[in-house]
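In: sharing a sequence plus its predicted fold:
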Amino acid sequence: MPPLLARIDHAFTQFQWKGEVIVVNDGSTDTTLKVASNFNALVPIRVIDLQPNGGLAGAIRAGLNAAISVANDPLDIVVTLDADDSQNPFLIERMLHQIYEGSDLVIASRYQQGARIHGLTASRKLFSWAAGMLFRVFVGFPGVRDYTCGFRAYKASFLKRVMDFYGETFITQQGFGCMVEILLKIGVAGAIMHEAPMILRYDLKQGASKMNVKKTIRQTLVLLYQYRMGKLIRNEKTSLA
């Protein structure tokens, strides 16, 4: 957490962003809550403490709700990224420009030209590639190759409209599948989506991965089935476009 927060604070200063950092502490048993609450930074840091641990879906839901609640300007942007220091916050500047140029969602992609992946195991690389290929074949949103990465920039007004439409059912999937679910619902709503090539530094990751690969594979296949059968997206989806 300290290296990431320091880089975020540096990026805010370097690019003169205006905003705040929201840290969602999902029932951690280490010193995350203390470190985040007491970190000395120029950028305001708000900590949301969820107890007990509820998984990624609950943390993402809490973070997005908190961000949307204060995003009142048409130019506001909500960014999500992992807290393990494997994703570089300086890439956000390029993602912001793409939003201002007309995108509703920009994904930090591992599969666009110029992207690099360092330190990821061969099995995780294979899973990520296979999942991306399945979604490109069976979903195929224009401009999207990386469906599972959580490092994203959302146009806040568009995100809020989709969240308001779905309400409590905006996120129904648990674990890592929730990020795919969000992308599918944003895409069906007619979002203009682009990607920015990312250098993923998994060798800098702090702590062990919490992803259960077998469980995530099963969840990915179920998501695809639900999407293709029209069971994931509400029937009123056309009213969002």
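Out: Nice, thanks for sending it over. Quick caveat: nothing in here was measured; it's all calculated off a predicted structure.
In: distance of Arg110 from Glu181?
Out: Taking Cβ to Cβ, to the nearest Å as the measure, Arg110 falls 19 Å from Glu181. C-beta: built from backbone N, CA, C; applies to glycine.
In: now do the contacts for the residue nearest in space to the middle of the chain.
Out: The centroid of the chain falls nearest to Gly150 when counting by Cα atoms, centre = their mean (2.8 Å). Applying Cβ atoms under 8 Å, 6 or more residues apart in numbering, we find Gly150 in contact with 60, 80-82, 179.
In: now Leu184
Out: Leu184 makes contact with 139, 223, 227, 232-233, according to Cβ under 8 Å, 6+ apart.
In: do the same with Thr31
Out: Going by Cβ under 8 Å, 6+ apart, the list of residues near Thr31 is empty.
In: which parts of the helix or strand encompassing Gln14 are buried?
Out: Assessed by DSSP states H and E, Gln14 sits inside helix 2-15. Residues 4-5, 7-9, 11-12 are the ones in helix 2-15 that count as buried (16 or more other Cβ atoms under 10 Å).
In: again, but for stretch 160-179
Out: Neighbour counts over stretch 160-179 (16+ other Cβ under 10 Å) mark 160, 162-163, 165-166, 170-171, 173, 176-179 as buried.
In: so for it, mean pLDDT?
Out: Average pLDDT, stretch 160-179: 91.
In: and it, end to end?
Out: Chord length of stretch 160-179, first to last residue, is 16 Å (Cα to Cα, to the nearest Å).
In: how about residues contacting whichever strand or helix holds Arg218?
Out: Following DSSP H and E, one finds Arg218 within helix 213-228. Here helix 213-228 makes contact (Cβ under 8 Å, 6+ apart) with 123-124, 127, 131, 134-135, 138-139, 148, 173-177, 180-181, 184, 231-233.
In: secondary structure class for the residue nearest to the centre of the chain?
Out: Following DSSP: H, G, I helix; E, B strand; the rest coil, the label given to Gly150 is coil.
In: in three-state terms, label Ala108 for me.
Out: strand.
In: doesn't Arg201 make contact with it?
Out: No: at 12.0 Å, Ala108 does not count as touching Arg201 under the criterion of Cβ atoms under 8 Å.
In: all strands for the chain, in order.
Out: Using DSSP state E, the strands assigned to the chain run over residues 21-26, 45-50, 77-80, 105-109, 116-118, 152-155, 193-197, 199-201.
In: weakest of these by average pLDDT?
Out: Per-segment mean pLDDT for the strands of the chain reaches its minimum on strand 116-118, at a mean of 87.
In: count of neighbours near Ile192?
Out: 17 (other Cβ atoms under 10 Å).
In: for it, give me its contacts.
Out: Counted by Cβ under 8 Å, 6+ apart, Ile192 has contacts 102-105, 143.
In: one more pass at 6 Å, please.
Out: Listed by Cβ atoms under 6 Å, 6 or more residues apart in numbering, the contact set of Ile192 reads 103-104.
In: so how far is Ser123 from it?
Out: Ile192 is 34 Å from Ser123, by Cβ to Cβ.
In: wait, doesn't Met1 sit right on Val35?
Out: Yes: using Cβ atoms under 6 Å, Met1 is in contact with Val35, at 5.0 Å.
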